[in-house]
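> any chance you can model this:
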Amino acid sequence: MRKIIESTLVSLDGVIGHPQVWANDYFDKEAQADALEQLLASDAMLMGRRTYEIFAQVWPALGSEYADRINSIRKYVFSSTLERAEWNNSTIIRGDVAAQVAKLKQQDGQDLVIYGHGPLGQTLLEHGLLDELHFAIHPLIVGGGALLFREGSKAPLKFVAAKTLGTGVVVLSYQPASPEL
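Below is the predicted model:
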């Protein structure tokens, strides 16, 4: 069975919204190598409509080993409103998100990666479909924007690992834990 690994960029004040505005200064060679390692261990990405639209605008125009991998990897886009997905290797999936992702998880292959903890990530966590969550905590305060977890969210997590990058970004890795913890 494939694992689903979520990787989310977070500011110290818990903001995840618009990381392309505040996180780029921290995406140095070390961070790129770390991100590429995750992409190479995966054979597909899961994304919602908003992430797809942002990524499809930015990544095809960039050239690097990381950009090449993100552009070539299979992409499953979960949306009830997106008409077309023209970015290379993109497929729109409609219907019951949890059921569709559970089917993908059962297929043979490498890990599935999801970036950000938006509505899709929240749904997967609520349905017990995420296997790991990696939070890259950036050493800055953004001051406003979409927060990591919506109010009322509750999910026990088990700490798995920590890694500090040269830029001061700390990557904390967790697995969903049983509710008793």
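> how many other residues sit next to residue 114?
Residue 114 has 27 neighbouring residues, counting by other C-beta atoms under 10 Å. Glycine gets a C-beta too; all of them are placed from N, C-alpha and C.
> quick one: list the elements packing against the helix or strand harbouring it.
Residue 114 is part of strand 111-115 when elements are defined by DSSP states H and E. Using 3 or more C-beta pairs under 8 Å, 6 or more residues apart in numbering; DSSP states H and E, the elements in contact with strand 111-115 are strand 4-11, strand 42-48, helix 119-126.
> between it and strand 42-48, how many degrees?
Comparing the axes of strand 111-115 and strand 42-48 via axes from the mean of the first three to the mean of the last three C-alpha atoms, to 10 degrees yields an angle of 40 degrees.
> strand partners (parallel or antiparallel) of strand 111-115?
Sheet pairing for strand 111-115, assigned by DSSP bridges, gives strand 4-11 (parallel), strand 42-48 (parallel).
> got those as JSON lines, with mean neighbour count, distance to residue 119 and mean pLDDT columns?
Converted to JSON lines, the strands paired with strand 111-115 look like this (neighbours: other C-beta atoms under 10 Å; distance: least, C-beta to C-beta, whole Å; pLDDT from 0 to 100):
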{"stretch": "strand 4-11", "mean neighbour count": "22", "distance to residue 119": "13", "mean pLDDT": "95"}
{"stretch": "strand 42-48", "mean neighbour count": "22", "distance to residue 119": "6", "mean pLDDT": "96"}
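> what does the helix or strand hosting residue 20 rub up against?
Element membership for residue 20 (DSSP H and E) is helix 19-22. When contacts are taken as C-beta atoms under 8 Å, 6 or more residues apart in numbering, the neighbours of helix 19-22 outside the stretch itself are 9, 11, 15, 54, 58, 116, 138, 140, 142.
> show me the shaky parts of the chain.
Across the chain, residues meeting the criterion (pLDDT under 70) sit at 179-181.
> and the strands in it?
Ranges of strands in the chain, per DSSP state E, are 4-11, 42-48, 74-78, 90-93, 111-115, 132-138, 157-164, 170-176.
> a markdown table please, covering the ones you listed and showing distance to residue 21.
A markdown table is the format used below for the strands of the chain (distance: least, C-beta to C-beta, whole Å):
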| stretch | distance to residue 21 |
| --- | --- |
| strand 4-11 | 11 |
| strand 42-48 | 19 |
| strand 74-78 | 23 |
| strand 90-93 | 24 |
| strand 111-115 | 15 |
| strand 132-138 | 12 |
| strand 157-164 | 23 |
| strand 170-176 | 20 |
